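**Student:** model the structure of this input:
(5 chains)
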Amino acid sequence: MTPYLGRLVGKKDLGTDIKLLQVELVEPNGKARFADYRPGQFAFVSALGIGEAPFGIASTPSGNGLLEFGIAKVGSVTAALHSLEVGEIVGVRGPLGNGFPMDEMKDKNICVLGGGIGGAPLRPVIRDILDQRSDYGHLTILWAARNPSLLVFTDEYDLWRSAPNTELHVTVDEGDEEWKAAGGNEGLITQLLETIAPSPENAVTITCGPPAMLHFVTLTLHELGFSLDQMWTTLEARMHCGICKCGRCNMGDKFVCTDGPVFRQDEVAGFLETYL
Amino acid sequence: MTEFTLQDQIRDRAKQLLASEQVKCVIGYEHGSRGQVRPAFIHQINDVDSLVWNQGCTHNLVTYLRDIKGTFGSDEHLQRVAIIVKPCDSRALNVLLAEKQIEREHIYVIGVVCTGIVEGAGYAGQSSDKLQTRCVRCSDRVPVIYDLLVGEPTHPEITDDYVDLTELEAMPPAERAAFWLKQYERCILCYACRQVCPGCYCSTCMFERDDSLWVGIAAGVKEKEAFHLGRAYHLAARCIGCDECERVCPMELPLSLLNHKLAKEVQRLFHYCAGDEPSQSPLATMLAEGEEFPA
Amino acid sequence: MSEPRVGVFVCHCGTNIGGVVDVPAVVEYARALPYVAHVEGNLYSCSVDGLSSLKQGIHEHRLNRVVVASCTPRTHEPLFKDACEQAGLNRYLFEFVNIREHCSWVHSHEGDVATVKAIRLIRMGVAKACLLEPQDEAESGVIPEALVIGGGIAGMTAALNLARQGFHVHLVEKEAQLGGRLLQINRLCPTDIEAYDLIKPIIQEVEDHGRITLHVSSMVHEVSGYVGNFQITVAEDGEKQSFDVGTIVVATGADVLQPVGLYGYGQFPNVLTQLELEDRLKAEPPLITGAVLINCVGSRIPERPYCSRVCCMTSLKNAIQLKKLNPDAQVYVLHRDLLTYGVEFERYYRRAMKAGVRFLRYNLENPPQIVGRGRAENVVVWDALRGRELHLPVDLVVLSTPLVPASDNERISRLLKVPLGESGFFLEAHIKLRPVEFATDGIFVCGTTRWSADVSESISQAYAASTKAAIPMRMGVVTAEAITAYSEPSFCTGCGTCVVTCPFNAI
Amino acid sequence: MKYISREALQTWLDRLANDVTLIAPRLVDDILLYQSVSSAREIVLDYTRPKMSAKEVVLPSSEPILFVEKRGQEVSLTEPSSGAQIIFGLRPCDAHGIAVLDTVFVGQEPIDLNYARRREAITLIGLSCPQMREDCFCTSMGGMPNDPTHFDVLLTEVEDGYAVNTVTDKGRTLVDHLNLEEIKGEPAEPIINETESVLAQEHWPDLFADHYWDLLAERCLECRMCAYLCPVCRCFDVQDQVTQQGISYSKYDRLRCWDSCTGTNYRVVAGGHNPRATKGQRLRNRFFCKFHYFPVEYDHSGCVGCGRCIEACPVNIDIVEVMRDISRAFNASQISNASPDAEKGVTA
Amino acid sequence: MSEHTFQPRIIAFCCNWCSYAGADLAGVSRLQMPADFNIIRVMCSARVAPEWIIKALLNGIDGVMVLGCHIGDCHYISGNHRAAKRFVLLKEMLAFVGVHPDRLLVDWVSASEGRKFQTLVTEFSKRVKELGPCREWQVEIQTPQR
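**Tutor:** As a prediction, this is how the structure comes out:
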């Protein structure tokens, strides 16, 4: 339960009240622990003196060696993390959870659906695929948010678009004037999904977003012919330990922290409790 | 009139109310798993005969109105509940009415004339013949608010209403402080006192907010003291003295003393007794002509 | 809001603070406080240098909170807030710590104690500053109409000044006739013009002015609202009338002390007050051979310790008038100290001397005695200067009594929620810096309602107050205090107590 | 098995109280609690069940799990240490509870170091119950009033003294030097209650969606007493508490405190969504946790049958009654499996 | 802590409109008083939450003063009415849990009553000194090193 110390080396705005924090671990054993981690795994980040909270890791080990977290300001810990200045010390505990089974997805067409801050844990998935582009099939990215200011990683759109065999589609529930003027998509991600209509043939989907979005995306994917065992998702829950001790994050007999946070939809559908 | 017939009257009316669909639920009392009495929620006529009325009916059922607040529906689809209240409980209804937590037309009140509840009521094998302290000093044996009154009104003589406070009031301050600290120390912060209280209906208790300035998360005696004093004060001029907080406390903290003391002072200072009428607490109103504190 | 970076500016205020509190030690201590990024001591934080140093500090040290430890926020808070704003910092990120009125001045003999206390106060201030958040001030409109209470010279001047600038004015006078105290006065010093001549054209103009609504025989009955938007109810002969105004000027004047029981007043028919004499002088000037005018009757005594300022000149004026009527008359002014301030009044005093008015100083231990049968015949006075008792034969004794707070002050003070001072006169926001304003925004004060004043002072104050009152009306908007209560829906239980409780019906 | 006389026990306990932190049943304002004692005199040996379980000793109601010290930009983290403690007079159900907690905190990787550190320094000396109380049901949960399994040493009352059953090496080091004699004869068997039948964990999900839980929860007050009195309930919350703060030097404690799934906002996530929004859902979680989730996750029931929640619940939510209701409902549904009424709730 | 070295810690909540100005006037008039108190400016005496006082007195503060406008003079019309009622009751509760009622003083000080402010502070400080520490407390400011 003791975190590794890390130094905040970068901080940038991803959207309204959403920031990307870049952390460099300072202790050798911390570095060693985070030498490898999988997309979809998470870590607790401490604002020392306020508390810690779990966040999906938004970076990949192959990147710049920094741990990155996309953090939306929703409570006291996230507010404190937002207010930290570059150079300050944070605590990091992890990597925790199962992560996405990237090996199982090799050679498959992949559709990634991210909603709002839910895009943060999907970024390493996209990176991983782009890093080993030839290992995977066609990549379709559907990126959505309530409004344009809540879209994350917009500066990586070009990179994604320019990757071979990769397409990116963006939509917002409600666009501002600039958005409309630029002819941006408006509407729910499910509408966009219906339009794009990716083929379920040899394909998997990876979704992360608010509970309501997960629910409706699952329904739409089902209509498009995807079966539940083709759909992957990552769930969030209030938790305090990440190691199956605090008892808080259970969904029925599954613990989000150790059984998840990544689940296949057929597992989720079998949960006694719903995340809705 | 015997208790048996009171119970029959309650059952009769409950049947009528459910049969005529005047109410969707009757909140009353039933026998529990080990002979004790427990709260009952009767939704169907078939279950009405499990309703009981006896000297073990200690629970203040008004607290459950908190849970169904907001589920009453709009006026056209009025969904009423019937609730059985003792005289003391009925005063809590007045407090909630004054504070707009319930609307009169949403509840059908079956008021029961009460001759007192026995100690140990509500717990298996604990019932005694002795009346609870609050009942010994209770002077109004008739509910202050009801749609149906069950039982014949009685008017017992009450000698000293505040006799339970005498011992503590006589202690020197330091001893009193020590007494209370010893009590708080035992508290396990289970919040049963708060949860059982009809007056504690805040959706988020101010002593449990994440950003609470009052109480830290630690379970130290300071936190416990702040919680109990704060809660007692929040209930000043609102607490109707059902003493349920004390009854439910697993650590047997004498919480009623604090509440009773405040009720005494509210009576002395403001000539006000919570629940007499659905009126604003004197702490929320202006000074009356000629009234001046602290001068 | 990023992590606090607090700048602390500790003011010496010359020796006011620095002479008691060890400011350098305080500065050192403040450096170690949480989130404090910069500390400095200033000789005068409110000086031009101090303020520019503050602004520079904000830039240089990237301060996002400012604490100034100096005097009272009641006078200097706006100044420092403005400075913060000029340096690009939201004005609500400023916190004031009072280490002068609440520290150095009240613990001035205990430097060590005061130093520790200043440290405590600053520590509190810094802690609070860290919690401050930037606020946006809401603007609200200002009704371009004013209420002037009182139709005396001050009130009329204020009303006219506003009306001439184009604002509509409601002028409320409790008597049936405009003019106030001046209607009772004969002539005015130092020019000796007739008071009525001065006031007649003013009354005329007020009555004729299209933008002044007169409410005579009227009382202000109810006031609610706030600057820019006051709701007023006036009772005119028992009939109520309501209207809205943006600002309020209080010019309700003062009463004159009736010296009952003093110096034979009420006992001898020839013992008069100055006002009664003026009345006499207007109607049928009395021819007298011996007159004694006694000053400071009922003032500068323990129960009324203040000097009423205008009485010395009044008695000079009337002594000269009496001398004019009968140059042979023996006219004495008995005084404790003669206060003839300024250029004009000193000259006036010389004129009285030249006219043959005699001045005698008495003291409270040996006050003048009035003797006589049925009427005052002699004044016995101990001449403190010569050290002997004088017997002055008189056929007239005139008592100079002070102005006292009007009996209505208490009522008006409650109505407007503005304070009265210890003596019962209205209390301005600051005696030097905000002399014609109340601490409550949008309400102003002038004339004798605030303090004893002569006509020219009353007029000056009236101009000042009305001009101040015109500012928000001219601007058309006022910025409302940004920090107001709001209901947090997630905690609200809907009990409705706040709605019943708020006297402003704001919820 | 050895024997210790009452007098020798007193002497031994006095010495233990002197050497280490000795925790034992003690009356605090007429309430029996496991608390530290300074002498044997304070200890209540009569057969009663302390109001609270001994969970507090291994998992305090609030404890620092990390000390953070910040000097300038230098941060140092320290973990708390823990001294030797002996719990004496522990009842078998409470020892059972600690054993379940051990499973949760140290029985599964990654282990909880904080718990492990404290637990390692704790020795459990038990005292058998001669008789089950009316609301006890440890025998239904795999325990016995004289079950030595989870102790280091277990004492059982015999005439004039106690039978001493040394279970572990830890216990042996404690007892060996007392030079106790062998006991003559066997201690009497305890008087036990009828065993309740517990529905097998794999059948519980069949009753997950039942209306029963909403009806049961109607009278629930949503206090946390059942969880706090329970020897097994282990949910906790973590928050930092500032003890000193400055730009140059700050100190924080990371605290962990008990929590309970019956609390209204227990499951609320940042942003306000509450996946367990109704009282019925929350109360159901309590029972499912004990009888289904615990067995699935830790291969062990989350209830040890101590009966404390039954005694204390002010509105008579009786775990034994729930177990019976659930078993009955399951059996009923099995019988009428194909009948059209099957969807109806337990109470229908 | 021995009697004569005990320095009480007192909080004086002063309303912005009257009592704070009254304290200012005491300063302007150079009225001397003990330094044991710290003023916290609040907008109204009714802004002082009873929880603040409970927290203060149980966490190392030895006395709390709540000073507001005189009844009838409240800037918010009736704020001090509520303060008056609240604190008279709070006093009783505090007394009942062993906090001497003299540790809480509620009074009205107008902007012109500098002398009254001085008197109140002086007498209150004296009284609290007699009563001794309310609870054991820890932190005391070190005189700064130069």
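**Student:** could you use CA atoms for every contact and neighbour count after this?
**Tutor:** Fine.
**Student:** quick one: the helices in chain E?
**Tutor:** E:19-28, E:50-58, E:79-96, E:114-131 (DSSP state H).
**Student:** any idea what the residue nearest the centre of chain E is bridged to?
**Tutor:** Centroid-nearest residue in chain E, with CA atoms, centre = their mean: E:Met65, separated by 1.8 Å. Judged by DSSP bridges, the bridge partners of E:Met65 are E:Ala12, E:Leu105.
**Student:** quick check, it in contact with E:Val106.
**Tutor:** Yes. At 5.8 Å, E:Met65 counts as touching E:Val106 under the criterion of CA atoms under 8 Å.
**Student:** number of nearby residues for the residue nearest to E:Arg86 when sequence neighbours are not counted?
**Tutor:** Distances taken as CA to CA, 6 or more residues apart in numbering or on different chains place B:Leu283 nearest to E:Arg86, at 6.0 Å, with adjacent residues excluded. As a burial measure, B:Leu283 scores 20 neighbours (other CA atoms under 10 Å in any protein chain shown).
**Student:** would you mind measuring the gap between the ends of stretch C:380-400?
**Tutor:** Counting by CA to CA, to the nearest Å, you get 17 Å between the two ends of stretch C:380-400.
**Student:** give the buried residues for stretch D:201-212.
**Tutor:** D:Gln201, D:Trp204, D:Leu207, D:Phe208, D:Asp210, D:His211, D:Tyr212 (16 or more other CA atoms under 10 Å in any protein chain shown).
**Student:** for stretch A:30-45, same thing?
**Tutor:** A:Gly30, A:Lys31, A:Phe34, A:Tyr37, A:Arg38, A:Pro39, A:Gly40, A:Gln41, A:Phe42, A:Ala43, A:Phe44, A:Val45.
**Student:** residue contacts, the fourth one?
**Tutor:** Contacts here follow CA atoms under 8 Å, 6 or more residues apart in numbering or on different chains; on that basis A:Tyr37 touches A:Thr60, A:Pro61, A:Pro95.
**Student:** just to revisit the earlier point, now do the contacts for the residue nearest to E:Arg86.
**Tutor:** So B:Leu283 contacts B:Ala237, E:Arg82, E:Lys85, E:Arg86 (CA under 8 Å, 6+ apart).
**Student:** if we use 10 Å, what do you get?
**Tutor:** Residues near B:Leu283 by CA atoms under 10 Å, 6 or more residues apart in numbering or on different chains: B:236-238, B:266, B:270, E:81-87, E:89.
**Student:** ok, these vs chain C, which is closest?
**Tutor:** E:Arg82 (9.6 Å; CA to the nearest CA).
**Student:** ok, now which ones touch that closest one?
**Tutor:** B:Pro282, B:Leu283, B:Ala284, B:Thr285, B:Met286, B:Leu287, B:Phe293, C:Thr501, E:Ser45, E:Ala46, E:Arg47.
**Student:** and the nearest residue to B:Glu169 once chain neighbours are set aside, how many neighbours?
**Tutor:** Nearest residue to B:Glu169 in three dimensions, chain neighbours excluded: E:Phe96, at 6.7 Å (CA to CA, 6+ apart). Other residues lying near E:Phe96 total 25 when counted by other CA under 10 Å.
**Student:** I figured E:Phe96 was touching B:Ala232, is that so?
**Tutor:** No. With contact defined as CA atoms under 10 Å, E:Phe96 does not reach B:Ala232; the gap is 11.8 Å.
**Student:** identify the contacts common to those two.
**Tutor:** B:Leu257, B:Leu258, B:Lys261, B:Leu262.
**Student:** can you select the buried ones from these in ChimeraX?
**Tutor:** Entered in ChimeraX, the line below selects the buried ones among the shared contacts of E:Phe96 and B:Ala232, by 16+ other CA under 10 Å:
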select /B:257,258,261,262
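**Student:** mind checking which of the shared contacts of E:Phe96 and B:Ala232 land in helices?
**Tutor:** B:Leu257, B:Leu258, B:Lys261, B:Leu262.
**Student:** ok, now how distant is the second one from B:Cys190?
**Tutor:** With distances defined as CA to CA, the gap from B:Leu258 to B:Cys190 amounts to 18 Å.
**Student:** again with D:Cys220
**Tutor:** 14 Å.
**Student:** among the contacts of E:Arg82, which pair sits farthest apart?
**Tutor:** B:Phe293 and C:Thr501 (18.7 Å; CA to CA).
**Student:** which one's more surrounded, the two?
**Tutor:** Of the pair B:Phe293 and C:Thr501, B:Phe293 is the one with more neighbours under other CA under 10 Å, namely 20 against 17.
**Student:** which of the three states applies to D:Arg117?
**Tutor:** helix (DSSP: H, G, I helix; E, B strand; the rest coil).
**Student:** so what's the residue count around it?
**Tutor:** 15.
**Student:** which residues touch the nearest residue to D:Gly302 once chain neighbours are set aside?
**Tutor:** Distances taken as CA to CA, 6+ apart place D:Lys290 nearest to D:Gly302, at 3.9 Å, with adjacent residues excluded. The contact partners of D:Lys290, by CA under 10 Å, 6+ apart, come to D:Gln201, D:Val232, D:Cys233, D:His300, D:Ser301, D:Gly302, D:Cys303, D:Val304.
**Student:** D:Lys290 should be in a helix, yeah?
**Tutor:** Yes. Under three-state DSSP, D:Lys290 falls within a helix.
**Student:** any idea how far D:Arg267 is from it?
**Tutor:** 18 Å.
**Student:** centroid-nearest residue for chain D?
**Tutor:** Note: chain D centre (CA atoms, centre = their mean) maps to D:Pro231, 1.2 Å.
**Student:** could you check the pLDDT of it?
**Tutor:** Per-residue pLDDT puts D:Pro231 at 96.
**Student:** residue 59: neighbouring residues, count only.
**Tutor:** You didn't pick a chain, so chain A it is. When neighbours are counted by other CA under 10 Å, A:Ser59 registers 27.
**Student:** actually, chain D is the one I wanted.
**Tutor:** Count around D:Leu59 with other CA under 10 Å applied: 20.
**Student:** and for the nearest residue to it once chain neighbours are set aside, the neighbour number?
**Tutor:** Nearest residue to D:Leu59, sequence neighbours excluded (CA to CA, 6+ apart): D:Tyr115, at 7.1 Å. The tally of other residues near D:Tyr115 (other CA under 10 Å) stands at 18.
**Student:** and for B:Tyr184?
**Tutor:** The burial count for B:Tyr184: 24, using other CA under 10 Å.
**Student:** likewise E:Leu94?
**Tutor:** E:Leu94, neighbours per other CA under 10 Å, totals 23.
**Student:** ends of stretch C:97-104, how far apart?
**Tutor:** OK, stretch C:97-104 end separation, CA to CA: 12 Å.
**Student:** over to stretch A:48-64?
**Tutor:** End-to-end for stretch A:48-64, by CA to CA: 25 Å.
**Student:** I appreciate the help and will end here.
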